[in-house]
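Undergrad: have a look; sequence and predicted model below, questions after that.
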Amino acid sequence: MMREQLWYRPNPRIYTKLLVMLGKCKQYERANSLFQLMIEEGLEPSIESYTALVSAYSRSGLLHKAFTVLEEMKRIPLCKPDVFTYSILIKSCVEYSRFDHVDRLLSEMSRNGIKPNTVTYNTILDAYGKEGKFKDMEDVISKMLEDQDSKPDVWTMNATMKAFGNRGHIGMMENCYEKFQGVGVQPDVRTFNILMYAYGKERLYDKMTAVMEYMQKYFFSWTTVTYNILIDAFGRAGDIEQMEYLFNLMMSEGIKPDCVTLCSLVCAYSKAGAFRKITRVMRKLENSDIAPDTAFFNSVIDGYARAGDITQMETVLIQMKDKRCIPDKITFTSMIKAYLSKGMVEKAQELEQRMLNMDKSRVQYTPRPKPFIKRP
């Protein structure tokens, strides 16, 4: 409609912003149509508009099309790909575990005299960490230390520590913490969250508490993530009193709990056999604007199933549907076990059949060679 107005003049900046927006929404077809329309209106594509088109394709997993656009850019003197073009493409490659493409792009950057920036290195580092490629991580960090323009930052520190911490390599995580500080990188709240999560996972509660105290001593503000990590850790340890203290502290500090917080409370109460407290959590949910998810409802259903409270379990399933949360294999498995424990074989068989017939696109279920329930 705007293009039909007499005052309309095509603006390359507006086109580029629209291309970026479509790319973020993974609307690659519309992005390509818009790019072609821009050319039809007599506008010369720029590095920014080409990079936005590369982003649209790569974000959607169409790496071959993204590379085609990259090759096209190389043939246009004023649109040669820059560090931002390569960084966007590298980010998508690592997300789809195409590390062969990453090596190729880095080599190409080097040949063309384009130096990776800190964001580029951090993107690669995070991907290597998720894959457990620790030797490759060390190589990236070494390159960053050698490069005066791409020094490690707190994001580098956090990505490295998280990679080691998530895999239980506590000593290596702590070593990274000290080494990064040695080169001038200072920790932030996320750094301490990573430490506490790793310690809690490995049941190193003394170290986790020490980090808590350090954060309080030096006035690091706790976030929802901080509280969630601690609530979950103490809940898993069976320390209900400390878990509830932290939840109440969270509320008094004005930090809004989320679905993860409530899920951790329910799991802890279920494990401790405090089933009545699960109902309290449900009331908190009803009186809040927190949007529950399937994982939360699964934890509640499992809690009532353990308690043998079939009525409440079935009520939660109805609530789950009202909130448009789709039951999955975990939901039905918990309910089937509860029915069987009460001798309600017919209900269990009916639910199993429903699970088997459910559209595979809606629930992840691997068919078993034998039925879950033995027919009489």
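TA: Thanks, I have the structure now.
Undergrad: isn't residue 92 up against residue 63?
TA: Yes. Using CB atoms under 8 Å as the test, residue 92 is close enough to residue 63 to be in contact (6.6 Å). C-betas here are computed from N, CA, C, even on glycine.
Undergrad: skipping its backbone neighbours, what lies nearest residue 231 in space?
TA: Sequence neighbours aside, residue 264 is the residue nearest to residue 231 in space, at 4.9 Å (criterion: CB to CB, 6 or more residues apart in numbering).
Undergrad: quick one on the thing from earlier: tell me which of residue 92 and residue 63 has more neighbours.
TA: A direct count of neighbours by other CB atoms under 10 Å for residue 92 and residue 63 places residue 92 higher, at 21 against 17.
Undergrad: the more buried one - nearest residue in space that isn't next to it in sequence?
TA: Using CB to CB, 6+ apart, the closest residue to residue 92 is residue 58 (3.4 Å).
Undergrad: surely the one you found is in contact with residue 66?
TA: Yes. Shown here, residue 58 and residue 66 form a contact pair, counting by CB under 8 Å, at 4.0 Å.
Undergrad: low-confidence stretches in the chain?
TA: 1-10, 359-376 (pLDDT under 70).
Undergrad: recalculate using a threshold of 80.
TA: Across the chain, the stretches falling below the confidence threshold (pLDDT under 80) are 1-11, 357-376.
Undergrad: now do the shared contacts for residue 58 and residue 66.
TA: 89, 92 (CB atoms under 8 Å, 6 or more residues apart in numbering).
Undergrad: residue contacts, residue 101?
TA: With contacts taken as CB under 8 Å, 6+ apart, residue 101 has the following neighbours: 63, 67, 89, 93.
Undergrad: thinking again about what came up before, tell me the spacing between the residue nearest to residue 92 and residue 32.
TA: 13 Å (CB to CB, to the nearest Å).
Undergrad: again, but for residue 49
TA: In this view, residue 49 and residue 32 are 12 Å apart by CB to CB.
Undergrad: do residue 23 as well
TA: Remark: distance between residue 23 and residue 32 (CB to CB) = 11 Å.
Undergrad: between the two, who's got more neighbours?
TA: Neighbours were tallied for residue 23 and for residue 32 using other CB under 10 Å; the higher tally belongs to residue 23 (23 against 17).
Undergrad: my guess is the more buried one contacts residue 51. True?
TA: No. Contact criterion CB under 8 Å: residue 23 and residue 51 do not qualify, at 9.3 Å.
Undergrad: tell me the SS of residue 351?
TA: Put simply, residue 351 is helix when judged by DSSP: H, G, I helix; E, B strand; the rest coil.
Undergrad: and it, what does it touch?
TA: When the contact criterion is CB under 8 Å, 6+ apart, the partners of residue 351 are 332, 335-336, 339.
Undergrad: from residue 37, how far off is the closest residue to residue 201 other than its chain neighbours?
TA: Leaving out its chain neighbours, the residue that sits closest to residue 201 by CB to CB, 6+ apart is residue 168, at 7.2 Å. Between residue 168 and residue 37 the distance, using CB to CB, works out to 53 Å.
Undergrad: which of the residues in stretch 123-134 are buried?
TA: Neighbour counts over stretch 123-134 (16 or more other CB atoms under 10 Å) mark 123-129, 133-134 as buried.
Undergrad: give me the neighbour count for residue 238.
TA: 12.
Undergrad: give the contact list for it.
TA: 268, 271-272.
Undergrad: assign it to helix, strand or coil.
TA: coil.
Undergrad: break down the stretch 1-150 of the chain into its helices, ranges please.
TA: Secondary structure of the stretch 1-150 of the chain by DSSP state H, counting those that start in this stretch: the helices cover 12-24, 28-40, 47-59, 63-74, 83-95, 99-111, 118-131, 134-146.
Undergrad: of those, which is nearest residue 257?
TA: Shortest separation from residue 257 across the helices of the stretch 1-150 of the chain is recorded for helix 118-131, at 27.6 Å, computed as CB to CB.
Undergrad: tell me what that closest one is packed against?
TA: Of the remaining helices and strands, those touching helix 118-131 by 3 or more CB pairs under 8 Å, 6 or more residues apart in numbering; DSSP states H and E are helix 83-95, helix 99-111, helix 134-146, helix 154-166.
Undergrad: looking at these, which is buried most?
TA: helix 154-166 (a mean of 23; mean count of other CB atoms under 10 Å).
Undergrad: closest one to residue 214 among the helices and strands packed on helix 118-131?
TA: Among those, helix 154-166 sits nearest to residue 214 (CB to CB), with 15.2 Å.
Undergrad: distance between the closest one and the chain's centre?
TA: In terms of CA atoms, centre = their mean, to the nearest Å, the centre of helix 154-166 is set 15 Å apart from its chain centre.
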